[in-house]
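Engineer: Prediction below, plus the sequence it came from.
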Amino acid sequence: MPQSADRVLDHGPLFREPEYQDLLERKREGFECPASAVDVEAQNEYSKSWEYREKNLAREALVINPAKACQPLGAVFAAAGFEGTLSFVHGSQGCVAYYRSHLARHFKEPASAVSSSMTEDAAVFGGLNNMVDGLANAYSLYDPKMIAVSTTCMAEVIGDDLNAFIGTSKQKGSVPQEFDVPFAHTPAFVGSHVDGYDNMVKGVLEHFWNGKERQPTAKINVIPGFDGFCVGNNRELKRILNLMGVDCTLLQDASDQFDTPSDGEFRMYYGGTKLEDVAAAINAKATVSMQTYCTRRTLDYAAEKGHETASFHYPLGVSATDEMLLKICELTGVMIPDELTLERGRLVDALADSQAYLHGKRYAIFGDPDFVYGTARFLMECGGEPVHCLATNGTKPWAAEMEALFASSPFGADGKVWQGKDLWHLRSLLFTEPVDFLIGSSYGKYLERDTGTPLIRLAFPIFDRHHHHRFPLWGYQGGLRLVTTVLDKIFDKLDADSNVAGKTDISFDLTR
Ligand code: SF4
């Protein structure tokens, strides 16, 4: 065999060795009863046609590769943004392994969460005993400051009542009566991870704010929303707000939890919004969200408590950052400092420098509703044309906002919004109405391979490239990173399309 202690091969080259190729071929022929290569090729070609696209878009009873995760994943991410908080998911263990691995593979950091490990008996008799034992174990083994409880499908289908279960667990002594155990029901069969995020943040605020009297201050709260780039974005946001002199509380900040240093000490809990700050945040003048569709219920709750509210759509680029900063100025009475004005000018300069390459490029974008909106807006600002904008977890109001965005600029003339569609739909769209580039998560790499559309990785999850999340996309500085990422792909494609010596190398250029 080709593998030996003296010559250790990575799995890529190993499985390309003749022995493995032969073995895989015999397995295919012997066990998989494959259709003929001719038939497979014919079906593959048919799946690229307009006729297939119409059938595909009419599909109702099946979802293939949805660009979303389930609610509890968003709740686990949300809980990671609070000081000393352990996520406790009431339900089955395998689901929680999925959230942990999804977050760990994206951030390249351990992602802690426990489950109440419900099995068949709990599904029949209810999961109260699992909650009582689970909370006691989690409290004594992992020494958290707070345990944030959410639910998987299983607990929701049988109708377990978290409020009652947590109350009973406290009575039975699983955790002290005064110990903080906020909770959120996060039924995974409706909505997506952005709703789970919303429900969990609201659950935490309700835990600390319900029954409290607000003593108004001039401070504001800022909620970042579910964001795979939280490490870079939240730090950039704090830097900007600090430069502006804004007195604020970042409500839910996972930037440190998902970026712990390697210095010999394992930090199960690191950073996050301090619990006393969460409690005091009821007194804020206003609550501002960086992502509208991640925080609809939370903002409604803040408004009920008397806060002014405002929300944005994942602010990327010049005009979206302007809008965000001006709103914060309006709410707080601060002025925009010269340093930020300089940064703005530098971003405008960079966009102007690269205008010839950015202008007229056509894009497909997929991801969460706010991300898709923010990215489309930024591309239009650069003279790019968003053509296919797809959010599996997009809603009708989101689709209407996207249409209004397209209508606001000539660059939106060909824009189409695909609400509730999945990545198999997007494959049909890319074959029948091709674009120059695809923007989304790592899952787009299969579309890139199938359709030849180069993928720009800017959305959660990014598994197959490292460290992107450490750099911000928000703000003027983030805009520089964003435009550089897009341009790198544009130039890579230009080089690849013009690299045949003596034939296509007229534009194989060292100076751009
Ligand atoms: S959809 Fe339901 S079963 Fe699947 S991971 Fe989410 S909670 Fe678990």
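Structural biologist: Thanks, I have it.
Engineer: Okay, strands next: where are they in this structure?
Structural biologist: Counting by DSSP state E, one finds strands in the chain at the ranges 85-90, 114-115, 146-151, 220-223, 248-250, 286-289, 308-311, 362-366, 385-391, 416-419, 437-440, 455-457.
Engineer: Output the ones you listed as CSV; include the columns mean pLDDT, mean neighbour count and distance to the ligand.
Structural biologist: To be clear about C-beta, it is placed using only N, CA and C from the backbone, and glycine gets the same treatment. Converted to CSV, the strands of the chain look like this (pLDDT from 0 to 100; neighbours: other C-beta atoms under 10 Å; distance: least, C-beta to the nearest ligand atom, whole Å):
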stretch, mean pLDDT, mean neighbour count, distance to the ligand
strand 85-90, 98, 27, 8
strand 114-115, 96, 22, 10
strand 146-151, 98, 27, 8
strand 220-223, 98, 26, 23
strand 248-250, 97, 21, 28
strand 286-289, 98, 25, 24
strand 308-311, 98, 18, 26
strand 362-366, 98, 25, 20
strand 385-391, 98, 25, 18
strand 416-419, 98, 19, 20
strand 437-440, 98, 24, 21
strand 455-457, 98, 22, 23
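Engineer: a markdown table for those strands, including distance to A302?
Structural biologist: Formatted as a markdown table, the strands of the chain follow (distance: least, C-beta to C-beta, whole Å):
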| stretch | distance to A302 |
| --- | --- |
| strand 85-90 | 20 |
| strand 114-115 | 29 |
| strand 146-151 | 18 |
| strand 220-223 | 7 |
| strand 248-250 | 12 |
| strand 286-289 | 4 |
| strand 308-311 | 6 |
| strand 362-366 | 29 |
| strand 385-391 | 24 |
| strand 416-419 | 27 |
| strand 437-440 | 31 |
| strand 455-457 | 33 |
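Engineer: contact partners of stretch 60-73?
Structural biologist: With C-beta atoms under 8 Å, 6 or more residues apart in numbering as the test, stretch 60-73 has contacts from 89, 91, 95-96, 98-99, 102-103, 150-153, 186-188, 190-196, 199, 366-368, 390-393, 422-424, 440-441, 443, 446.
Engineer: Out of those, which end up buried?
Structural biologist: In terms of neighbour count (16 or more other C-beta atoms under 10 Å), the buried residues within the contacts of stretch 60-73 are 89, 91, 95-96, 98-99, 102-103, 150-153, 186-188, 191-196, 199, 366-368, 390-393, 422-424, 440-441, 443.
Engineer: Give me the subset of these that lies in helices.
Structural biologist: 95-96, 98-99, 102-103, 153, 193-196, 199, 423-424 (DSSP state H).
Engineer: Show me the two of the residues you listed that sit farthest apart.
Structural biologist: Spanning the widest gap among those are N199 and W424, at 28.4 Å by C-beta to C-beta.
Engineer: picking up where we left off before, can you redo the ones in helices among the buried ones among the contacts of stretch 60-73 as JSON lines with distance to A280 and pLDDT?
Structural biologist: Putting these into JSON lines (distance: C-beta to C-beta, whole Å; pLDDT from 0 to 100) gives the following:
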{"residue": "C95", "distance to A280": "34", "pLDDT": "96"}
{"residue": "V96", "distance to A280": "31", "pLDDT": "97"}
{"residue": "Y98", "distance to A280": "35", "pLDDT": "96"}
{"residue": "Y99", "distance to A280": "30", "pLDDT": "97"}
{"residue": "H102", "distance to A280": "32", "pLDDT": "97"}
{"residue": "L103", "distance to A280": "28", "pLDDT": "98"}
{"residue": "C153", "distance to A280": "36", "pLDDT": "94"}
{"residue": "H193", "distance to A280": "28", "pLDDT": "98"}
{"residue": "V194", "distance to A280": "26", "pLDDT": "98"}
{"residue": "D195", "distance to A280": "27", "pLDDT": "98"}
{"residue": "G196", "distance to A280": "25", "pLDDT": "98"}
{"residue": "N199", "distance to A280": "22", "pLDDT": "98"}
{"residue": "L423", "distance to A280": "43", "pLDDT": "98"}
{"residue": "W424", "distance to A280": "47", "pLDDT": "98"}
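Engineer: can you redo the residues you listed as JSON lines with distance to Y293?
Structural biologist: Shown next, in JSON lines, are those (distance: C-beta to C-beta, whole Å):
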{"residue": "C95", "distance to Y293": "23"}
{"residue": "V96", "distance to Y293": "25"}
{"residue": "Y98", "distance to Y293": "22"}
{"residue": "Y99", "distance to Y293": "20"}
{"residue": "H102", "distance to Y293": "20"}
{"residue": "L103", "distance to Y293": "20"}
{"residue": "C153", "distance to Y293": "22"}
{"residue": "H193", "distance to Y293": "11"}
{"residue": "V194", "distance to Y293": "6"}
{"residue": "D195", "distance to Y293": "9"}
{"residue": "G196", "distance to Y293": "12"}
{"residue": "N199", "distance to Y293": "13"}
{"residue": "L423", "distance to Y293": "19"}
{"residue": "W424", "distance to Y293": "23"}
